[in-house]
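> The following comprises the amino acid sequence and a computationally predicted model.
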Amino acid sequence: MKWKEYEAKWQQRWDEAGVFVPQVEDSKRPKFFVTVPYPYTSGALHIGHGRTFTTGDVVARFKRHRGFNVLFPMAFHISGSPILSISDKIAHEDVKTINLYKRYLEIYEKDLEKIDGIIESFKDPEKVAEYFAGKINLDFKSVGYSIDWTRQFDTGQPHYNKFIEWQFHKFKETGILVKGSHPILWSLKNSQPLGEDDISDGDVDKVSISEFTLIKFEGEDGFFVAATLRPETLFGATNLWINPDVHYVVADVNGERWVVSEEAVGKLGVQGGSVKVVKKERGRVFLGKTVSDPLGRQLPVLPAGFVDPDNGTGVVYSVPAHAPYDYQALVDLKRDAKFGPVVSEIEPVVIISIPGYEVPAREICERMGIRDQRDSRLEEATQEIYKAEFYTGVLNDKCERFSGMLIQNIKDEVKKWLKQKGASGVFYETSRKAVSRGGDKVVVAVLDNQWFIDYNHDKWKAKTRKHLAKMVILPEKFRKLFENTVEWLDKRPCARRRGLGTRFPFDKEWVIESLSDSTIYMAFYVLIPYLQGVAPEKLKPEVFDFLLLGEGDAEKVAKLTGLSVEKVNEARKAFEYWYPNDLRHTAPAHIGNHLTFFIMHHLAIFPEKLAPPCITLNEMLIREGAKMSKSKGNVIPLNHVKEKYGADLYRMYVVSSADLDTVVDWREKDVGAVQRKLEKFVEIMDRCSETTEREVVNEIDRWMLSRFNRSLKVCTENMEAFRFREAVVEMFFKLLNDVRWFERRSEEPYGLLRKIAKDWLVSLAPVIPHTAEEYWEKLGGGESGFVSLAKWPEANEKIINSGIEKSEDFVQGVMEDIRSMIKMAGHQPGRIYLYTAEDWKWKALELVVKEKQGALKHARTFKDPAEAAKTLASFVKNRVWENGIERLDEASIIAGAEKILKEEFGAEVVVNDNHDPMNKKGKAMPFRPAVYLE
């Protein structure tokens, strides 16, 4: 592809000229500060990541063209445990991890011996971060991102650490940083809290915390302790289930002897329990024993294979009237020789009345044809019954004091009652099974003296709701997700024992977690040029108080830092100029954490006028209909774009394929189609660069200028509204079709096209900047020397001529009708007869446009009232008034297009001839001539 030759050239020229490094000295110009989340440096990025960064770059480039002083910086995120886990695994010679990182390195390195050396260096986590930060920097440059790299940093640098320390001092001052006990996601292996960024797929498949009620059933071995989400169903319990093939333990828990699964022991130990294992047994050892429930009933312990020892406590009480799993397990067990006689005496106990059911679990299992307890449809049956019971269920008289109460209102009352009886407790479980990015199991812990950010702070939430209502969120459909996140956010741990990043300022044994140190760093982009020469230990909180909040004075900051007073004031002035961050662009997966924290943290520290005003988001990118993943082997690294496709082709496809709220599907066949369009565009620009500009000489020239200015107007409106796909479809694909038509209709097309070529290049430069630069230079360029800095063209609405455009639309419509007729006829005609509509039909059309349905009453005023009535009714049915009306001299237009019609069809074209053997003239309608082939 031709453009590969010049992409590297323009990337180098941009870099050498510092084209994308803005100056505060330009402060008379309006500013625009755009950011996209800094990438995590644990590996190579792929083209799916690139969609988000490309969209951010399109915005930045467009705003430069519109006259804004644009700041579009980039940094690198290294905080947290993922990179540390990678280094640990490589140090411990984990084959899977080493092979994965060899594949990553093969993206960039060709020398296998060098790869082995780099892998060895990755035992140091800083080397992992450093290597991939450098490669991502080059990848971004190779795709043409207009980033100001002079502000680059990473989140492990000492200057940044001091900035984050200041952030947490401010949190403590405002009362949102608290210490206490609260359930948190936890790594059993590493004994530390986990955030979404630490959990495998945690950003796209959220892991939340579920609260279970523990209920004790007393037996000879101690208490068999079951965990349930529905304690009100205890009244319908008929037996206990345990899995006979897994290990259970008898353990001393807070002074009591409990029987629980082996997997539950570790969880209980981090949830405030004192746990000591007495002995371990297979589940089958406990089968056939009897336990006493909190109601004093004797219940047998029975086997069930569906019991998961890693969910809850591995002990389940059975409610066969209301739980399909329990009902089916009883049915299966009746066939067992050993337990059949015991089970045959057990009958489901109905405790909840719901419309349409007598024994809900039995009836739904029979209706769905459930075969056994391994049937996958049991989950669907369970959800259907639970939903019906929650919304319409009422406890019956078997539930004693709770009789007559609605299910949806009863859970807390039952928990309180069980607690009073000393028969219950609280147990926390993850909403799904999950592992950390290091591969260790995620559980829930409740720890004393843990540091939290209290997102449930009433005044803070109220302030956030108020600001969020004023923010621009695009696409708008995502606003509700932000609102919901603000409501459910609660206390969240903000530090952990290990990981890269910033030490917690109030306890240096802890490190601030990665979702808490990445929310206001946009402010650091502004300051870093002024702080790089200052020793990190001199960056006391008072320095940031002045530079970011205007508190204190420049003289004191100058004394603390060693900077001149002038330099300190310059830094403060820069922050006042650039802030707030005008646009944050990212992906919806971050709404439930990073993006909402981004809003809330700004509101906690800064005045509201400096809080984020706008967030835009784009959906993901998939490949050939499937999500990209390493396991599927369908990942295209971003690094491969420059060689395999070219940056501009990649950018054009990503931007034009889907709106922001729609998934982009990368399909090679479609990429090839876009490539051919780009090649045609390049061909046109080559022709224009070789041709002298000429003036307008005829109607088809005026049509071309009209179409160009109309497209430019539509494109500009869409770009301003962040509708980038619509903008590109209009300014590239549709306009390319217009140009191809113009090439056929004009004797000298390229002289006229040169007249608009430079404006066309500027309008496409945000998307295909390398191609635009190459032909901007060939066409003489402008004062700036770079199309990237050229002023956005303004559409000349005086040139837009609807009449001329409709005339050409009419010609194209006639050609399409003739093609259809030839296809139907199955042979090539020697002569084509065209018949235009009679004058009375135009008058009828004008009447309908003017009076709509009221025009029908005028049928009698026409020469043939019956035919007029029929025609008027047809126009009314087709609601012709919606498109307006402008009468065309169709015969003259066809005569003017005679040349292209002959070229297209290789036949003589005759208009309104008396020769009309098929009476086609009478069938002609306005804008739709009748066609006869001979």
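That came through fine.
> contacts and neighbour counts: CA atoms only from here.
Noted.
> Using the three-state scheme, assign residue 62.
Here residue 62 is recorded as helix under DSSP: H, G, I helix; E, B strand; the rest coil.
> tell me the pLDDT at it?
Here the pLDDT value assigned to residue 62 is 99.
> do the same with the one 10 residues further on
On pLDDT, residue 72 comes in at 99.
> and it, how many neighbours?
25 (other C-alpha atoms under 10 Å).
> ok, now residue 861?
9.
> For the remainder of this discussion, apply numbering that starts at 172.
I'll keep to 172 as the first residue from here, and by that count the last item is residue 1032.
> so how far is residue 1046 from it?
17 Å (C-alpha to C-alpha, to the nearest Å).
> what about the stretch 972-1105 of the chain, any weak spots by pLDDT?
Residue ranges of the stretch 972-1105 of the chain with pLDDT under 70: 1052, 1055.
> Helices of that one, residue ranges please.
For the stretch 972-1105 of the chain, applying DSSP state H, counting those that start in this stretch gives helices covering 973-996, 1010-1022, 1036-1048, 1061-1067, 1069-1076.
> Give me the contact list for the shortest one.
The list of residues contacting helix 1061-1067 from outside it, by C-alpha atoms under 8 Å, 6 or more residues apart in numbering, reads 978, 982, 1007, 1082-1083, 1098.
> Could you count how many residues lie near residue 1075?
11.
> returning to that earlier point: could you export the helices of the stretch 972-1105 of the chain to CSV, including columns for distance to residue 257?
Shown next, in CSV, are these (distance: least, C-alpha to C-alpha, whole Å):
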stretch, distance to residue 257
helix 973-996, 62
helix 1010-1022, 71
helix 1036-1048, 68
helix 1061-1067, 71
helix 1069-1076, 65
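> among those helices, which is nearest residue 269?
helix 973-996 (60.9 Å; C-alpha to C-alpha).
> chain center to the lengthiest strand in the chain: distance?
Looking across the chain with DSSP state E, the single longest strand is strand 380-390. In terms of C-alpha atoms, centre = their mean, to the nearest Å, the gap separating the centre of strand 380-390 from the centre of its chain is 38 Å.
> and the helix or strand following it, how far from the chain's centre?
Proceeding N to C from strand 380-390, the next assigned helix or strand is strand 393-399, under DSSP states H and E. Distance of strand 393-399 from its chain centroid, counting by C-alpha atoms, centre = their mean, is 42 Å.
> could you give me the average pLDDT of strand 393-399?
The pLDDT scores in strand 393-399 average 96.
> what's that strand packed up against?
strand 380-390, strand 427-432, strand 487-489 (3 or more C-alpha pairs under 8 Å, 6 or more residues apart in numbering; DSSP states H and E).
> Throw those into CSV and include distance to residue 991, mean neighbour count and mean pLDDT, thanks.
Below are the helices and strands packed on strand 393-399 laid out as CSV (distance: least, C-alpha to C-alpha, whole Å; neighbours: other C-alpha atoms under 10 Å; pLDDT from 0 to 100):
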stretch, distance to residue 991, mean neighbour count, mean pLDDT
strand 380-390, 63, 21, 95
strand 427-432, 74, 24, 96
strand 487-489, 70, 26, 96
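> Any chance of the ones you listed in JSON lines with distance to residue 903 as columns?
Converted to JSON lines, the helices and strands packed on strand 393-399 look like this (distance: least, C-alpha to C-alpha, whole Å):
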{"stretch": "strand 380-390", "distance to residue 903": "49"}
{"stretch": "strand 427-432", "distance to residue 903": "64"}
{"stretch": "strand 487-489", "distance to residue 903": "63"}
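> Of all the ones you listed, which one is nearest residue 461?
It is, among the helices and strands packed on strand 393-399 and with distance given as C-alpha to C-alpha, strand 380-390, at 6.4 Å.
> the inter-axis angle of the closest one versus strand 427-432?
120 degrees (axes from the mean of the first three to the mean of the last three C-alpha atoms, to 10 degrees).
> From the rest of the structure, what touches strand 380-390?
By C-alpha under 8 Å, 6+ apart, strand 380-390 touches 354-356, 394-402, 460-465, 483, 586, 589, 594-602, 615.
> buried subset of those?
Listed as buried from these are 354-356, 394-399, 401-402, 461-465, 483, 586, 589, 594-595, 598-601, 615; burial here means 16 or more other C-alpha atoms under 10 Å.
> Now, those that are in helices?
Members of the buried ones among the contacts of strand 380-390 lying in helices (criterion: DSSP state H): 586, 589.
> mind checking which of the helices and strands packed on strand 393-399 is nearest residue 900?
Nearest of the helices and strands packed on strand 393-399 (C-alpha to C-alpha): strand 380-390, 45.1 Å.
> In strands only, show me the contacts of strand 380-390.
Per DSSP E, the contacts of strand 380-390 map to strands at 354-356, 394-399, 461-463, 595-601, 615.
> Could you list the low-pLDDT ranges of the protein?
172-174, 1052, 1055.
> returning to that earlier point: identify the farthest-apart pair in the contacts of helix 1061-1067.
Across the contacts of helix 1061-1067 (C-alpha to C-alpha), the longest gap, 17.9 Å, separates 978 and 1083.
> Is residue 786 bridged to anything, and to what?
residue 644, residue 755 (DSSP bridges).
> ok so, going back, could you export the longest strand of the chain as PDB, CA atoms only?
Taking Å, rounded to 0.1, in the frame of the first residue of the first chain, the C-alpha atoms of strand 380-390 are listed here in PDB:
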ATOM      1  CA  ILE A 380     -19.600  -9.300  47.600                       C
ATOM      2  CA  SER A 381     -22.700 -11.300  48.700                       C
ATOM      3  CA  GLU A 382     -23.800 -11.500  52.300                       C
ATOM      4  CA  PHE A 383     -25.000 -15.000  53.400                       C
ATOM      5  CA  THR A 384     -26.700 -16.000  56.600                       C
ATOM      6  CA  LEU A 385     -25.100 -18.800  58.600                       C
ATOM      7  CA  ILE A 386     -27.500 -21.200  60.200                       C
ATOM      8  CA  LYS A 387     -26.400 -23.800  62.800                       C
ATOM      9  CA  PHE A 388     -27.700 -27.400  62.900                       C
ATOM     10  CA  GLU A 389     -26.600 -29.200  66.000                       C
ATOM     11  CA  GLY A 390     -25.300 -32.800  65.700                       C
END
